[in-house]
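Colleague: Got a predicted structure plus its sequence, pasted below:
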Amino acid sequence: MGAVRKACGKDIDFVFLDAPHVLSPADIASSFNTPEELGAPSEAAEVDPALQPRGWWKADPERKQTIGIDASIALLRDVLKKDHYEGVFGFSQGASMAAMLAALLEHPHARPDFLVDGEAPHPPLKFCIAVAGFRPKGSDGDAVFATPYVTPTVHVLGRNDVIVVAERSKTLLDAQPTNASSGTTEKLNTFTREPDYVAYLAYILACLPQEEDRIRTIAGYLLKNNARSIIRASTEVLEFTKGAVLQAFNDPATMIRNAAGQDIVAFLGILEPKNWPECLSQLVQTLDSADIDQQEAAFNVLEKACEDFPRKLDVEMNGTWPLEFMIPKFLILSEHHSSKMRSHAIACLSYFVPIGSQALFTHIDAFIACLFKRASDDDPSVRRHVCQALVLLLASRPEKLMPEMANVAEYMLYSTKDKHENVALEASEFWLTFAEDPDLAPYLHPLLGKVAPVLLDCMVYGEDDLLWLEGDLEDANVPDKETDIKPRHYGGKSHGLEHAANGDDLSGKAARVGAYGEELESDDDESFDDDDDDFAEEMSTEWNLRKCAAAALDVLAVRFGADLLNVLLEPLKVKLWSEDWLQRESGILALGAMAEDAIEPHLPQLVPYLVNMLSDSKPLVRSITCWTLGRYASWCSQPISEEHRNQFFIPTLEGLLRMVLDNNKRVQEAGCSAFATLEEDAGPELTPYLEPVLRNLVFAFEKYQHKNMLILYDAVGTLADAVGSALQNPAFVEILMPPLLKRWAKLKDEDDDLVPLLECLASVTIAMGPAFLPYAGPIFERCANIVHQSLLQYQAYQQNPDMDEPDRSFLVVALDLLSGLTQGLGMTLESSIMRSNPNLLSLLVVCLKHPHAPVRQSAYALIGDMAMNCFPLLRPHMPAIMQELTVQLAPEPKVEFISACNNAAWSVGEVALRYGRDDAEFRQWVHPLISRLVPILLHPKAPRSLHENAAVSIGRIGLMHPTLIAPLLPDFAQAWCQALYEIRDNEEKDSAFRGLCTLVQTNPGGIAKSLLWFCNAIVRWNAPSPELNAMFQQLLTGFKQHDAAGWAAQVSTFPAAIQERLSQRYGV
């Protein structure tokens, strides 16, 4: 049963019923085949009553009749009349009873003792699952199954079951018409080509009461699946279908009403409520029905509509605003005697909070009063929606909660500890929302002492979590299920510029500021550091209370730092040194969630503790320790001293490498991911340890199953990026290449796993450089073939849209590996490129026209890399390339086109440099390019990265063609300097600034209005090249000599830090 609960997830509540009859071993035997087969004694041994076996009936001595089903029927009747259930699940005798219950709810009069006031105690179930069931012998089973029942049922037969053999299980199948549903669906589907198909379905659903409910229900669900076709329907079909669905919604059969309800939601979303006002009116009127089932059905539809499309409901219809009536109605119904109605009411109201509905905010005080009144409701579903509404209010209208924040906070703290996890989860979302809003920090800070310990306690694994995780298994040899593999989306290679660290900011502030001290907005600005991406990735699986609490603690650590640590230091110590491994594990998770500067003074004690926890006997402790160490990898890998390296870096390195080869797959995954993080942070510091690192990773190729193999590729690629040319050592090449080539040979061109392998090899080729040459030929040929075949497949798809669209990932990653080969081998690839058939560069031009942006993105990256490393091969194709490249440059590209535009802008600059000074061929493209690059630079909404790449390319083109661009300098000088002053020093920035200086030399007056920004950009340099530094000196000295008094007056208005550096460095 545990496996079933795990597969169903936590959104499904299971209610377990004890059968009324205590069984002896003889009873158990007689219930199945024969007592002799089981060797059963006649008397039961004395055992704990809670552990005694129970049954839904016993068999008479002749095993021809059931005894005791009456008591079971009564038990089920009394349970069902108290609450609502979606379905039933049973094993063996319980499976038999489950099928009987499904049948009885459809035909309750077959058992008068099942009735409550002459009616069934509960609507028919939506489903039944019967595992190893069988049809009870005698009159009890015959009476119930006299009429076949239609509740959708899954029958599971055990072929190797010796207790309830398969033949006996099949007797339960006779209680249902077999294969009827699939046959009916197929028949109904034959009408799909009819123009009035939806009308046929609506007619079957609403107008054929003589047909089986099952057939009508199938028609209803098919109608929902084809709802979009209503847009193309004639007026007659539209009106008939709308009317039929509303008619079906009032059908006495629950199955029909449920199907019609789903149809209504689908049609309302497509047609919009303003175009079907009579439907909305009927739903609202039904809320006043005397029939509670009809009320609940209408509210269920309204809740789905409010959740799915609240803005479509907040509109004027026929001169009135329905929400002005609906909102007060919902407020009244929040007092309904039925908890389901109260829950629906609060849920519906809450969905209008995020959209700022005026109809709701007119009654906002009444809504908040309603929430306070329902806060202590007996029903957990109501309390969950109360918490959800308070979260939404905090995010949208926090000022409305502030007067009562003390009471709200106490309630949410109490609810965070609610025994119902759904309530506790919604409450913990409150603290996450609270922490994420910096404007609310003053209100949250006084609550830290109460909130933080509660969140810490919420991070302990629950029983259901452990059931899901199966964390104690040594499962390294167990193959992964395909469902365990998450889809990977490969976006292609992107070129960006690194920014200088905040410590180099002359303002002394972490924010990006201008020369006048004003704070500049940035589209890339984030409140939290890059580690949050890693945290989000770790937390990206099923969202639950533990993960929400950890995420909230993470944000609190960013917001309050040392103050949070002071609150949690003692509770954390208790958890970290607890004998209970679950408490230890939650403490280690909290350490990872709080990975901020405030905890750094404690790391000399914590890191050895964490390294020691890598030897814990519990895999879940080892895996979370890996993740937490990954969060502190940057501290561990700092080259502070030899002592720091020996005490922290090497033990962390060795410990994570051990986890990479752990016998538990979860630990392998966490260890490999954390080690990749350490690689990124350590960089060249890993070089002395490359041999043992490589041998561990190579061994993992033989040990890993499918899922972790994908992470291993990433770790190898990250290692290559980190150590660079150190990987060219022949010994290291000999260690690493055989397993990669083995995987390369094993995978077919259409194998999804080829994508991460190609991505890995792209980094390896760049790092190995010339050492990769012996392997380059076959790899180049295969990549070129993948590009060719991918383009052919896409061409076929364009000609026949009924085909499945081909996966572009293979094309993108093949282009990126070709970029890697180009960077690593340069002109040595000439023979391979010249031999390629079709010619690779001809294919590359086709890629520039591909409709998918990631393909163009990688193609432009390859152009830039070829320009840098083998321009003579590229030059003959430049006219065709420049025609496409110029078109790609747009000042405000769509979000999905930004990276392609970035790469195009960057590659232009690389090409310009390789053409050289005043080249006649490139000259023809200068004005078309500048006419697109300057608007990108000046556009206020263009992404920051695009500003930067455009500025670099303008500078580089200016370096090569100054006379053409210098007259335009006044138009873009200030924006140019603002775009690049924060960029980390490198060759790209150097060549761009040399271009700007050349433009200033050509047109000195062009910089006059932007002199402050020009000087600010100059003094931000840490180590300009000698050539660039000489240009700075020459220009600044020239300005001063040209007009000493004017220069002095202007410089006196500069910020003090700029004046000081100009004087120190350049004597001006």
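Modeller: That came through fine.
Colleague: Now the element after the lowest-mean-pLDDT helix or strand in the chain, going C-ward?
Modeller: In the chain, no helix or strand scores lower on mean pLDDT, DSSP states H and E than helix 35-38, which sits at a mean of 35. Sequence order places strand 54-55 as the next helix or strand after helix 35-38, per DSSP states H and E.
Colleague: Does anything pack onto the helix or strand Glu679 falls within? Which helices or strands?
Modeller: According to DSSP H and E, Glu679 maps onto helix 665-682. Under the contact definition 3 or more C-beta pairs under 8 Å, 6 or more residues apart in numbering; DSSP states H and E, helix 665-682 sits against helix 619-631, helix 633-636, helix 650-660, helix 690-703, helix 706-723. Heads up, the C-betas are built off the backbone N, CA and C, glycines and all.
Colleague: packing partners for the third one?
Modeller: Applying 3+ C-beta pairs under 8 Å, 6+ apart, one finds that helix 650-660 makes contact with helix 603-613, helix 619-631, helix 665-682, helix 690-703.
Colleague: okay, now Val1019: neighbour count?
Modeller: Neighbour count for Val1019, taken as other C-beta atoms under 10 Å: 21.
Colleague: Tell me which residues touch it, please.
Modeller: Neighbour list for Val1019: 506, 1057-1058, 1061-1062, 1065 [criterion: C-beta atoms under 8 Å, 6 or more residues apart in numbering].
Colleague: what do you get for Leu393?
Modeller: For Leu393, the contact set (C-beta under 8 Å, 6+ apart) comprises 353, 368, 400-401.
Colleague: how about whichever strand or helix holds Gln285: buried residues?
Modeller: Gln285 is located in helix 277-286, with elements delineated by DSSP H and E. By neighbour count on 16 or more other C-beta atoms under 10 Å, the buried set for helix 277-286 is 279-280, 283-284, 286.
Colleague: circling back: by neighbour count, which of the contacts of Leu393 wins?
Modeller: Val353 (23 neighbours).
Colleague: for that residue, helix, strand, or coil?
Modeller: Here Val353 is coil, with the state taken from DSSP: H, G, I helix; E, B strand; the rest coil.
Colleague: contacting residues around the closest residue to it other than its chain neighbours?
Modeller: Leaving aside its chain neighbours, Val353 sits nearest to Leu392 (4.1 Å; criterion: C-beta to C-beta, 6 or more residues apart in numbering). Neighbouring residues of Leu392 by C-beta under 8 Å, 6+ apart: 350, 353-354.
Colleague: hmm, back to that, if you look at the contacts of Leu393, which of them are in helices?
Modeller: Ile368 (DSSP state H).
Colleague: Show the pLDDT at Gln65.
Modeller: Note on Gln65: pLDDT of 74.
Colleague: surely it meets Pro136?
Modeller: No: using C-beta atoms under 8 Å, Gln65 is not in contact with Pro136; the gap is 9.0 Å.
Colleague: If you count surrounding residues, which of these two has more?
Modeller: Counted by other C-beta under 10 Å, Gln65 and Pro136 do not tie: Pro136 has more neighbours, with 25 against 17.
Colleague: what's near enough to touch that one?
Modeller: Pro136 is in contact with 57, 66, 69, 96, 100, counting by C-beta under 8 Å, 6+ apart.
Colleague: one more time with 7 Å, if that's ok
Modeller: The contact partners of Pro136, taken as C-beta atoms under 7 Å, 6 or more residues apart in numbering, are 57, 66, 96.
Colleague: Am I right that it sits in a helix?
Modeller: No: applying three-state DSSP, one finds Pro136 to be coil, outside a helix.
Colleague: Now it, what are its backbone angles?
Modeller: For Pro136, the backbone dihedrals (degrees, to the nearest 10) come out as phi -60, psi 140.
Colleague: now it: how far from Gln93?
Modeller: For Pro136, the distance to Gln93 equals 8 Å [C-beta to C-beta, to the nearest Å].
Colleague: in the chain, which spans are strands?
Modeller: 21-22, 54-55, 58-59, 66-67, 87-91, 127-131, 153-156 (DSSP state E).
Colleague: Which elements pack onto the second one?
Modeller: For strand 54-55, the helices and strands in contact under the criterion 3 or more C-beta pairs under 7 Å, 6 or more residues apart in numbering; DSSP states H and E are strand 21-22.
Colleague: how much distance is there from the strand it packs on to the middle of the chain?
Modeller: In terms of C-alpha atoms, centre = their mean, to the nearest Å, the centre of strand 21-22 is set 48 Å apart from its chain centre.
Colleague: now do stretch 1024-1034
Modeller: Offset of stretch 1024-1034 from its chain centre (C-alpha atoms, centre = their mean): 47 Å.
Colleague: What of stretch 861-875?
Modeller: 36 Å.
Colleague: Ok, stretch 1041-1054 next?
Modeller: Counting by C-alpha atoms, centre = their mean, stretch 1041-1054 is centred 55 Å from the centre of its parent chain.
Colleague: mind checking the end-to-end distance for that stretch?
Modeller: Using C-alpha to C-alpha, to the nearest Å, one end of stretch 1041-1054 lies 19 Å from the other.
Colleague: ok, and for it, which residues are buried?
Modeller: Across stretch 1041-1054, burial judged by 16+ other C-beta under 10 Å covers 1047, 1051, 1054.
Colleague: Please produce a markdown table containing these, extended by pLDDT and distance to Asn1022.
Modeller: Listed next are these as a markdown table, based on pLDDT from 0 to 100; distance: C-beta to C-beta, whole Å:
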| residue | pLDDT | distance to Asn1022 |
| --- | --- | --- |
| Trp1047 | 91 | 25 |
| Val1051 | 92 | 21 |
| Phe1054 | 93 | 19 |
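Colleague: In JSON lines, list the residues you listed along with distance to Met459.
Modeller: Below are the buried residues of stretch 1041-1054 laid out as JSON lines (distance: C-beta to C-beta, whole Å):
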{"residue": "Trp1047", "distance to Met459": "62"}
{"residue": "Val1051", "distance to Met459": "56"}
{"residue": "Phe1054", "distance to Met459": "51"}
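Colleague: ok, so of the residues you listed, who is nearest Trp543?
Modeller: Nearest to Trp543 among these, counting by C-beta to C-beta, is Phe1054 at 51.0 Å.
Colleague: can you tell me how far the closest residue to the closest one other than its chain neighbours sits from Trp1021?
Modeller: Using C-beta to C-beta, 6+ apart and skipping the chain neighbours, the partner closest in space to Phe1054 is Leu1012 (6.0 Å). From Leu1012 over to Trp1021 the distance is 16 Å, taken as C-beta to C-beta.
Colleague: what do you get for Ala424?
Modeller: Distance from Ala424 to Trp1021, by C-beta to C-beta: 54 Å.
Colleague: quick one, which of the two is more surrounded?
Modeller: Taking neighbours as other C-beta under 10 Å, Ala424 and Trp1021 compare with Ala424 leading, 24 against 21.
Colleague: and that one, what pLDDT?
Modeller: 94.
Colleague: so where's the stretch 401-550 of the chain shaky on pLDDT?
Modeller: Residues of the stretch 401-550 of the chain meeting the criterion pLDDT under 70: 468, 470-472, 483-484, 486-541.
Colleague: What is the neighbour count of Phe560?
Modeller: Using other C-beta under 10 Å, Phe560 has 20 other residues around it.
Colleague: Most neighbours among the contacts of Pro136, please name it.
Modeller: Going by other C-beta under 10 Å, Ser96 tops these with 28 neighbours.
Colleague: Count the residues that sit near the closest residue to that one other than its chain neighbours.
Modeller: Closest residue to Ser96 apart from its sequence neighbours, by C-beta to C-beta, 6+ apart: Gly133 at 4.6 Å. Other residues near Gly133 come to 30 when the count uses other C-beta under 10 Å.
Colleague: how close does Gly133 get to Cys847?
Modeller: 59 Å.
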